[in-house]
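S.K.: Sequence and predicted model, in that order:
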Amino acid sequence: MKTVLITGANKSIGFETARQLLQQGYYVYLGCRNLQKGQQAVSQLQSEGLTQVEPIQIDVDSLESIQAARQILGQKTKVLDVLVNNAGVSGILPQPALETDINLIRQVFETNFFGVIAVTQAFIDMLKLSSEPRIVNVTSGLGSITLQNDPAWKYYQVKLAGYFPSKAALNAYTTVLAYDLRDTAFKVNAVDPGYTATDFNHHSGPGTIPDAAARVVKAATFGPDGPTGQFFSDDNSPETGISAW
């Protein structure tokens, strides 16, 4: 049975990603900052007959928490097949370039960028033991520099001085990580789940959580011939590394 760790998985897209991977036969470690909320999420899944799941406490903003989670998971399994870096924050809105508090921008980067790097580095040894390791970094179309400079893009006017650069940096890191692992069985990709109605955006998005999670799951379950080093989004652009499904 393949194993997967999903950060920020006790609600919204992360939770639905866990549900869909459970339905495909994966054993899911539900990463969450608050263990009680994680257990509540696990109980809900188990009530649906999805029992191969348990919570793992992990705060991606804390190296101590990440290291503790790595130790705990290492006691449960030697091999990790899939890592979904889903945890993220938008930061307080709006975020104009000249007025946004730099400490807020740093906090957004801490979660969306540095947190992903820290988690990936902490669990890479377990992933390397998998025959088909997969890393999915959940990003945003707002992280595409090409789209952000296209006046015809439907979200062109959405400019966030912390969130947009943090996701652009995440996309760049995904490219570098995939390159470093190019001669291995790893598939490393960034996935934009789309503008989805969640707590993250006060349920303002037009997309549904099941559809968003399905995009993440698709990248998490790529076969041996699947792509790597790509950014998948329904907002297709000619930017290098940007792809549509």
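M.R.: Arrived safely.

S.K.: After the longest helix anywhere in the chain, which helix or strand is next?
M.R.: Scanning the chain for the longest helix, with DSSP state H as the assignment, gives helix 163-180. Helices and strands here follow DSSP states H and E; after helix 163-180, the next one along the chain is strand 187-191.

S.K.: what comes up buried for the next helix or strand after that following strand?
M.R.: Per DSSP H and E, strand 187-191 leads on to helix 209-220 as the next helix or strand towards the C-terminus. By neighbour count on 16 or more other CB atoms under 10 Å, the buried set for helix 209-220 is 209, 212-213, 215-220. All C-beta atoms are positioned from the backbone trio N, CA, C, and that covers glycine.

S.K.: who's in contact with the residue nearest to the spatial centre of the chain?
M.R.: With distances taken as CA atoms, centre = their mean, the residue of the chain nearest its centroid is Asn86 (2.6 Å). Counting by CB atoms under 8 Å, 6 or more residues apart in numbering, Asn86 touches 6-9, 13-14, 17, 138, 216.

S.K.: now Ala214
M.R.: Gln20.

S.K.: what number of residues lie near Pro224?
M.R.: 8 (other CB atoms under 10 Å).

S.K.: cool, and Leu63?
M.R.: 15.

S.K.: what does Thr175 give?
M.R.: Thr175 has 19 nearby residues by other CB under 10 Å.

S.K.: Quick check, it in contact with Asn189.
M.R.: No: applying CB atoms under 8 Å as the test, Thr175 and Asn189 come out as separate, 10.0 Å apart.

S.K.: Now the common contact residues for the two.
M.R.: Common neighbours of Thr175 and Asn189 (CB under 8 Å, 6+ apart) are Gly229.

S.K.: tell me the angle the longest helix of the chain makes with strand 187-191.
M.R.: Put simply, helix 163-180 runs at 170 degrees to strand 187-191, going by axes from the mean of the first three to the mean of the last three CA atoms, to 10 degrees.

S.K.: Which strands or helices does helix 163-180 pack on?
M.R.: Helices and strands touching helix 163-180, by 3 or more CB pairs under 8 Å, 6 or more residues apart in numbering; DSSP states H and E, are helix 102-109, helix 115-127, strand 134-138, strand 187-191.

S.K.: Isn't Val82 up against Pro133?
M.R.: Yes: using CB under 8 Å, Val82 is in contact with Pro133, at 7.4 Å.

S.K.: Which one's more surrounded, these two?
M.R.: Each of Val82 and Pro133 has its neighbours counted (other CB under 10 Å); Val82 has more, 25 against 22.

S.K.: In contact with that one: list those residues for me.
M.R.: 2-5, 21, 26, 133-136, 220-221.

S.K.: Look at the residue nearest to it when sequence neighbours are not counted and tell me its secondary structure.
M.R.: Excluding the flanking residues, the one nearest Val82 by CB to CB, 6 or more residues apart in numbering is Val4, at 3.8 Å. Per DSSP: H, G, I helix; E, B strand; the rest coil, the local secondary structure of Val4 is strand.

S.K.: does Val4 have beta-bridge partners, and which?
M.R.: Legend: beta-bridge partners of Val4 under DSSP bridges are Val28, Val82.

S.K.: you'd agree it is up against Gly25?
M.R.: No: contact criterion CB under 8 Å: Val4 and Gly25 do not qualify, at 10.7 Å.
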